[in-house]
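Colleague: sequence plus the predicted model coming up.
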Amino acid sequence: MPELLLADFQIKRLEVLNEKGEADPELLPPLSDAEIWRIYELMLLARIFDERAVALQREGRIGTYPPIRGQEAAQVGSAFALTEKDWLFPSFREMGAHLTLGYPISQLLQYWGGDERAQKVPPHLNIFPFCVAVGSQIPQAAGAALAARYRRDPVAVVTYFGDGATSKGDFHEGMNLAGVFNLPLVFICQNNQWAISIPLKGQTASASLAQKAIAYGFEGVQVDGNDVFAVYRATRQAVEKARSGGGPTFIECLTYRMADHTTADDAGRYRSAEEVAYWGERDPILRLERFLEGRGLWSPQKGEEAAAKVATIVDDGVREMESQPPPAAADLFEGVLATLTPRQAGQRKVR
Amino acid sequence: MAEMTYRDAINLALKEEMRRDKTVVVYGEDVALYEGAFKVTRGLLSEFGELRVRDCPISENTIVGVAVGAAMAGIRPVAELMTVNFALLAMDQIVNHMAKVRYMFGGQTKVPMVVRMPGGGGSQLGAQHSQSLESYFMHCPGMLVAYPATPADAKGLLKTSIREDNPVIFLEHELLYNSKGEVPEDPEYLVPFGKASVMREGEQVTLVGYGRMAILALQAAQQLEKDGISCEVIDLRTLVPLDMEMVLASVRKTGRVAVIEECWKSAGLGGDIASRIYEGCFDTLLAPVHRISGLDVPMPYSRKIEKLCIPQLEGIVQGVHDLLNEPY
């Protein structure tokens, strides 16, 4: 008997904007100049917020912080495709997505300063808590997607995670279940190529992460994660598909972690300066500036003005964060249970 | 009142709550068409349909994770893990997420979910399928733990668990599924958390149990009565919160207490209960707290020696005699 071909698949990589700032007119999303400028401002905000957060940590004003530098396009571009009604299950390195959706800067800093009260989301947003445990948010996002479908709520649920999370059982289980149940779920992998000191090839022997979706029975696509238009386009398509009952999508944003894993790490110990410089030339903000310049919308002076405006917003956030009093001992038992056990009530009484 | 089995009482609780509240859904492995490995979900698929009664892939961690996400998103999932032994695969979602997300979210969300799990030893299922892990769940703050002994409590506690805004670990004993008892038919019959029950009043010794151990304690008390020994039997019903008020009141009366736990003795719940008894009524104790526990070994596959590892009726009877004969 001849062997039959059971499966034959292709994995696509989406690129819209090249490093020179030239966009493919066929693939460029239909965004107005004002919207593109807004995306630029949000990417600057993410960059300046991030620089400030690292500085605040160095000064001892917040705790350990995981920088997002280099991933601004992958985060702003994807979150810009969402609405406030969509549900977000982040990991811990997507502050660019939080900022895009309007999460207060002061609260982001307050959280990284070690105050969980800052996870209280403004009522108009559906953003779930930071999940520092790698990949554990993925099954929860699947649960929220299941609930949304059960309630006939036409929203998309989006979960972010890194390349390291794709090695975890939560990723496999969550992807598998999303495929089986055809859930309105978009998996956005921020493949920044490093999980602390482990490079991508130490996580997987797979040629791409996107192709993993094939095994779960749904679409996977790799996008140039430093190309904000490609990220936006792929996410927009995926969330529209999810909202209309088309099921899950896996988006691999191939980007690069320009900074250390966290402020407690020194990436210089395990990766070369040449590699970092290579990716530095592919900076997502630089690329968008070149595009905007080509359209006559950007000049060095306009860029400086935009950065100064954003820096003021971040300054205000820092001030507000630092005006918050720390939690009191009496708050220790807040939120632990809807009703405390007698033992907990007794422990609280003596505080 | 109607006589029914522990299994049917749980099944009835699920049906009544699913009829009452359309946001109650059931997830698990083989819970739909197959109606559960222990047939607890019998008739749910046909009455409530596949949107509310869902078979999941074999992914315990994700079954609990999905329930956490769904609960935060406003529905009330009742997840079934085929046995408590498989909860070990889901401990990350249970301990790190289910029990903590409300707290870590600044109290902003409720996590109204139940994880139902049969467990316990005595069915000759070997070391990995015969465990009593109740103490594991009691150790972690942020979730409630119920372990009913009787059909009536199984119904009432599960209904309360489903209506509860806190996450609940709901433990069922595999050897109790066929046990029968009178169960109130009232669809509003609820058993509160943190309220133990006095299964039998007595004067000389207090026996504290839960789940199948409460049933054995009651049988031991009946046997001891023939020897002229009067035992008070307390079924804890919920392990978190623990009703220590009732336990202490009984110990103050009897002066002697045996705690019967099916789990391993090391770091077992009996030690915690003993310490609370010492803290609460040391001066009224006539003898040290007596612990009757599982042996600290993996459960043997052989039926003959398996019995040696789990508290048995004869062992409890002997324990009470020892307690009364101790020279204090």
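Modeller: Cool, got the structure. Computed from a predicted model, the values in this text were never measured in an experiment. Numbering: from 1, shown residues only, chains lettered A, B, ... in the order given.
Colleague: make it CA atoms for all contacts and neighbour counts henceforth
Modeller: OK.
Colleague: and the gap between the residue nearest to A:Val132 when sequence neighbours are not counted and B:Phe48?
Modeller: Nearest residue to A:Val132 in three dimensions, chain neighbours excluded: A:Phe92, at 5.5 Å (Cα to Cα, 6 or more residues apart in numbering or on different chains). According to Cα to Cα, to the nearest Å, A:Phe92 and B:Phe48 sit 38 Å apart.
Colleague: tell me where the stretch 51-200 of chain A has strands.
Modeller: All strands of the stretch 51-200 of chain A, identified by DSSP state E, counting those that start in this stretch, fall at A:87-89, A:126-127, A:157-162, A:185-191, A:194-195, A:198-199.
Colleague: up against chain B, what does chain A have?
Modeller: Residues of chain A lying near chain B by Cα under 8 Å from any Cα of the partner chain: A:116-120, A:128-129, A:136-148, A:150, A:170, A:173-174, A:176-177, A:334-338, A:341-342.
Colleague: and stretch A:49-69, what's buried?
Modeller: Using 16 or more other Cα atoms under 10 Å in any protein chain shown as the test for burial, stretch A:49-69 gives A:49-50, A:52-54, A:56-57, A:61-69.
Colleague: likewise stretch A:109-122?
Modeller: Applying 16+ other Cα under 10 Å to stretch A:109-122 flags A:Leu109, A:Gln110, A:Tyr111, A:Trp112, A:Gly113, A:Asp115, A:Glu116, A:Arg117, A:Ala118, A:Gln119, A:Lys120, A:Val121 as buried.
Colleague: possible to save the strands of the stretch 51-200 of chain A as JSON lines with mean pLDDT and mean neighbour count?
Modeller: Formatted as JSON lines, the strands of the stretch 51-200 of chain A follow (pLDDT from 0 to 100; neighbours: other Cα atoms under 10 Å in any protein chain shown):
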{"stretch": "strand A:87-89", "mean pLDDT": "97", "mean neighbour count": "25"}
{"stretch": "strand A:126-127", "mean pLDDT": "96", "mean neighbour count": "20"}
{"stretch": "strand A:157-162", "mean pLDDT": "98", "mean neighbour count": "26"}
{"stretch": "strand A:185-191", "mean pLDDT": "98", "mean neighbour count": "27"}
{"stretch": "strand A:194-195", "mean pLDDT": "96", "mean neighbour count": "20"}
{"stretch": "strand A:198-199", "mean pLDDT": "94", "mean neighbour count": "14"}
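Colleague: go ahead and flag the most central residue of chain B.
Modeller: Centrality entry for chain B: nearest residue to the mean C-alpha point is B:Tyr147, 1.5 Å, by Cα atoms, centre = their mean.
Colleague: I'd say that one and B:Glu174 touch.
Modeller: No - if you go by Cα atoms under 8 Å, B:Tyr147 and B:Glu174 don't touch, sitting 11.7 Å apart.
Colleague: on that earlier part again, quick check: the farthest pair among the buried residues of stretch A:49-69?
Modeller: Across the buried residues of stretch A:49-69, the longest distance by Cα to Cα is 19.8 Å; it joins A:Arg61 and A:Arg69.
Colleague: show me where the stretch 101-250 of chain B has its strands.
Modeller: Using DSSP E, counting those that start in this stretch, strands in the stretch 101-250 of chain B cover B:114-119, B:144-146, B:168-173, B:180-183, B:197-200, B:205-209, B:231-235, B:238-240.
Colleague: mind listing the helices for the stretch 151-300 of chain A?
Modeller: A:169-181, A:212-216, A:228-243, A:273-280, A:284-294, A:300-322 (DSSP state H, counting those that start in this stretch).
Colleague: can you get me a residue count around whatever residue of the stretch 201-328 of chain B ends up closest to chain A?
Modeller: Relative to chain A, the nearest point of the stretch 201-328 of chain B is B:Pro241 (5.2 Å; Cα to the nearest Cα). Using other Cα atoms under 10 Å in any protein chain shown, B:Pro241 has 23 other residues around it.
Colleague: for it, give me its contacts.
Modeller: Applying Cα atoms under 8 Å, 6 or more residues apart in numbering or on different chains, we find B:Pro241 in contact with A:Thr341, A:Pro342, B:Leu144, B:Val145, B:Phe193, B:Gly194.
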